[in-house]
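Student: One predicted model, sequence on top.
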Amino acid sequence: METTMHSTQQGSLDVLVLGGGPGGSTVAALLAMAGCSVVLCEKERFPRFHIGESFLPYNRPLLERLGVVDQIQAMGFQRKWGARFVFEPSLESVHLDFERGLNPRIAQAFHARRADFDHILLQNARAKGADVREEESAEAVLFEEGRAVGARIRRADHSVYEVRARLVVDATGRDGLMGAQLALRKRDPKLRQAALFSHYENAEMGLGKEGGDILVVGGPFGWFWLIPLDAKTTSVGVVFPGQLMAQRQGRDLESFFAEIIASSPTVSHRLRDAQRIAPVRPAADFSYRCSAMAGDGWAMVGDAACFLDPVFSSGVFLAMGSAQHLADLAAPRLRRGQILRPAEWRSYQRFLTRGLDRFRRFILAFYDPAGSSLLRSQPPEMLYSAAVTIFAGKVFTRDPRIWFFENFFDMAAGQKRREARAGKADLGQPPASDAMNVV
Ligand SMILES: Cc1cc2nc3c(=O)[nH]c(=O)nc-3n(C[C@H](O)[C@H](O)[C@H](O)COP(=O)(O)OP(=O)(O)OC[C@H]3O[C@@H](n4cnc5c(N)ncnc54)[C@H](O)[C@@H]3O)c2cc1C
């Protein structure tokens with residue numbers, strides 16, 4: 001093994017970003033656009049497969065700021081105007097129509113193959129001036145006197161070198177380099193889910209505007225997603241309590257997945273003429289959060305900091321939103337040759353936690369008998385608009401209408417629970433999970 005020292009000495013390089021997914025590419029592009037020197041090390045060569053294919057409307061302003069909207073439009077990704085939730089066995093159905101949110105101008109999102117979307121963002125970071133190094137894997141973040149000063153990087157040829165920078169950004173996603181190195185990652189005790197997923201051709205997704213919706217089917221197994229990627233291809237996945245993996249009992253993932261699909265009348269009907277065209281892949285160990293998301297000389301963005309059950313398609317939005325906030329806090333400091341101060345690490349963590357907690361509250365509600373019965377009900381238009389706006393991604397900023405809705409929702413869920421205890425209401429069955437009456 002060859003070990004070399006990189007010529008970049010601490011002080012001359014502003015930012016070292018580890019990981020080139022949506023979080024890493026966004027922070028790298030924005031800091032390069034702000035005049036900072038940036039190196040980004042990504043362990044894979046892009047384009048590469050990644051799960052997480054359905055996006056939220058409130059990501060649009062950031063895509064515009066990054067200057068990638070034309071490239072995204074040129075790819076012809078499937079447009080998404082809403083989401084359809086179907087609950088089994090009752091077959092109750094709820095439609096989230098983003099155009100009925102509080103800001104009808106922020107109403108459209110899209111679905112994309114992540115290989116293409118992430119490649120656009122990574123190339124954009126390079127075009128904006130970041131030094132992007134693919135097939136270079138970060139092995140460890142380097143600390144001196146408690147401050148992060150760089151990272152040890154392994155190239156594809158196995159040679160190792162060090163890069164030193166004033167700010168180290170961990171954007172390594174669910175691999176979570178710093179979360180593991182500093183033992184910061186804590187599993188969410190109320191959301192211990194796993195997932196299986198693949199791609200199908202010829203699933204029945206409907207026509208017109210609603211044909212572009214993500215379909216979420218909640219039921220006794222957990223919940224399924226059906227995401228139309230284009231006219232032919234649909235991404236299909238199931239999220240279920242992690243302990244159910246034990247029921248696999250040696251069977252291959254393909255037959256286990258087929259068996260779970262067969263248990264859902266809605267999903268098996270949609271897939272009756274469809275063919276699986278990709279392997280079945282698993283994901284386990286979600287959700288989690290790091291107890292610290294920033295510190296002396298370092299910060300985490302996206303899945304490196306936290307991961308939530310993907311029922312509301314929040315992951316890419318949170319990754320890119322956290323990256324944007326970090327870049328905006330760090331750029332003025334780095335340009336003056338300074339580093340982030342403790343008050344700024346704390347404010348960054350508060351910002352990200354606010355967005356996470358907003359989504360988490362409704363994820364828990366989705367799995368809770370009272371919360372799920374409320375989500376299945378038809379609320380008055382004002383409350384519907386506030387709910388749709390949260391699910392479209394307005395989670396970082398304060399808005400009195402959203403605050404009112406959240407409080408109303410909590411009160412109404414409490415009321416439902418009391419009625420159920422008194423035998424006056426049947427709450428029906430929420431989708432299966434490890435979450436228990438936790439709203
Ligand atoms: C089953 C499932 C379904 C999901 N569905 C959705 C969805 O519909 N919509 C949505 O928005 N989100 C969804 N997500 C979440 C979404 O995938 C993530 O939130 C999103 O990818 C986070 O972006 P990121 O940049 O933080 O991390 P990633 O996209 O994971 O990027 C991290 C990058 O870091 C690289 N890397 C890792 N370790 C190292 C290292 N040591 N050195 C250098 N590079 C490294 C990786 O190769 C990768 O390219 C889903 C997730 C799962 C598990």
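Tutor: That came through, no problem.

Student: what residues are up against R358?
Tutor: By CB atoms under 8 Å, 6 or more residues apart in numbering, R358 lies in contact with 390, 395, 406. For glycine as for every other residue, the C-beta is placed from the backbone atoms N, C-alpha and C.

Student: gap between it and A387?
Tutor: Going from R358 to A387 by CB to CB, to the nearest Å gives 11 Å.

Student: Just the C-alphas of stretch 186-195, formatted as PDB.
Tutor: Taking Å, rounded to 0.1, in the frame of the first residue of the first chain, the C-alpha atoms of stretch 186-195 are listed here in PDB:
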ATOM      1  CA  LYS A 186     -28.700   6.300  17.400                       C
ATOM      2  CA  ARG A 187     -31.400   4.100  15.900                       C
ATOM      3  CA  ASP A 188     -35.000   5.400  16.100                       C
ATOM      4  CA  PRO A 189     -36.700   3.100  18.600                       C
ATOM      5  CA  LYS A 190     -40.100   3.800  17.100                       C
ATOM      6  CA  LEU A 191     -39.200   3.200  13.500                       C
ATOM      7  CA  ARG A 192     -37.300   0.000  12.900                       C
ATOM      8  CA  GLN A 193     -38.200  -0.800   9.400                       C
ATOM      9  CA  ALA A 194     -36.600  -2.600   6.500                       C
ATOM     10  CA  ALA A 195     -37.300  -2.500   2.700                       C
END
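
Student: Against the ligand - does that stretch have any residue that ends up touching it?
Tutor: Yes. Stretch 186-195 lies within reach of the ligand by CB under 6 Å from any ligand atom, at A195.

Student: do the same with stretch 146-158
Tutor: No. Between stretch 146-158 and the ligand, judged by CB under 6 Å from any ligand atom, nothing touches; the nearest distance is 7.7 Å.

Student: Near the ligand, which residues of the stretch 301-439 of the chain are found?
Tutor: 302-304, 310, 313-317, 319.

Student: After the longest helix that the chain contains, heading C-terminal, what element do we hit next?
Tutor: The residue-count maximum for a helix in the chain (DSSP state H) belongs to helix 342-367. Downstream of helix 342-367, the next assigned helix or strand under DSSP states H and E is helix 369-375.

Student: what about that next one, distance to the chain center?
Tutor: 23 Å (CA atoms, centre = their mean, to the nearest Å).

Student: what comes into contact with whichever helix or strand comes after it?
Tutor: Counting by DSSP H and E, the next helix or strand C-terminal to helix 369-375 is helix 381-391. Here helix 381-391 makes contact (CB under 8 Å, 6+ apart) with 56, 83, 96-98, 100-103, 312, 358-359, 362, 378-379, 399, 401-402, 404-405, 408-409.

Student: Filter those down to the ones in strands?
Tutor: 83, 96-97 (DSSP state E).

Student: Neighbour count, pLDDT and distance to F240 for those - can I get that in CSV?
Tutor: Compiled in CSV, the ones in strands among the contacts of helix 381-391 are given as follows (neighbours: other CB atoms under 10 Å; pLDDT from 0 to 100; distance: CB to CB, whole Å):
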residue, neighbour count, pLDDT, distance to F240
A83, 24, 97, 19
L96, 21, 95, 22
D97, 18, 96, 28
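
Student: Any idea how far stretch 180-196 is from the middle of the chain?
Tutor: With CA atoms, centre = their mean, you get 14 Å for stretch 180-196.

Student: now Q338, nearest residue through space, not along the chain?
Tutor: Nearest non-adjacent residue to Q338, counting by CB to CB, 6 or more residues apart in numbering: R166, 7.9 Å away.

Student: Name all residues that make contact with that neighbour.
Tutor: Per CB under 8 Å, 6+ apart, neighbours of R166: 10-11, 13-15, 297, 334, 337-339.

Student: Now do the phi/psi pair for it.
Tutor: Main-chain torsions, R166, degrees, to the nearest 10: phi -70, psi -30.

Student: what residue lies at the spatial centre of the chain?
Tutor: Central residue of the chain (CA atoms, centre = their mean): G315, 0.8 Å from the mean position.

Student: re the thing from before, just name the closest of the ones in strands among the contacts of helix 381-391 to L253, please.
Tutor: Using CB to CB, A83 comes nearest to L253 of the ones in strands among the contacts of helix 381-391, at 26.5 Å.

Student: ok, what's across the strand from the closest one?
Tutor: L96, I214 (DSSP bridges).

Student: can you pull the contacts of it?
Tutor: So, once contact is read as CB under 8 Å, 6+ apart, A83 ends up touching 95-96, 213-216, 313, 391.

Student: Likewise for A413?
Tutor: 365, 368, 370-371, 374, 439.

Student: ok, now D213?
Tutor: D213 neighbours (CB under 8 Å, 6+ apart): 80-84, 95, 206.

Student: Can you flag the buried ones in the residues you listed?
Tutor: By neighbour count, with 16 or more other CB atoms under 10 Å, those hold 80-84 as buried.

Student: Show me which of those is closest to L142.
Tutor: Closest to L142 out of the buried ones among the contacts of D213 is K80 (41.7 Å), distances taken as CB to CB.

Student: Can you list the residue ranges for strands in the stretch 101-250 of the chain?
Tutor: Counting by DSSP state E, counting those that start in this stretch, the stretch 101-250 of the chain has strands at residues 109-111, 131-134, 136-144, 147-155, 160-164, 167-170, 185-187, 193-201, 214-219, 222-228, 233-241.

Student: Could I get the buried residue list for the third one?
Tutor: Right, strand 136-144. So for strand 136-144, counting by 16+ other CB under 10 Å, buried means 136-138, 141-143.

Student: tell me the angle of it relative to strand 147-155?
Tutor: 150 degrees (axes from the mean of the first three to the mean of the last three CA atoms, to 10 degrees).

Student: Strand 136-144 close to the ligand?
Tutor: Yes. Counting by CB under 6 Å from any ligand atom, the ligand is contacted by strand 136-144 at 137-138.

Student: Let's have the ones in strands among the contacts of helix 381-391 in TSV, adding distance to I72.
Tutor: Formatted as TSV, those follow (distance: CB to CB, whole Å):
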residue	distance to I72
A83	20
L96	22
D97	22
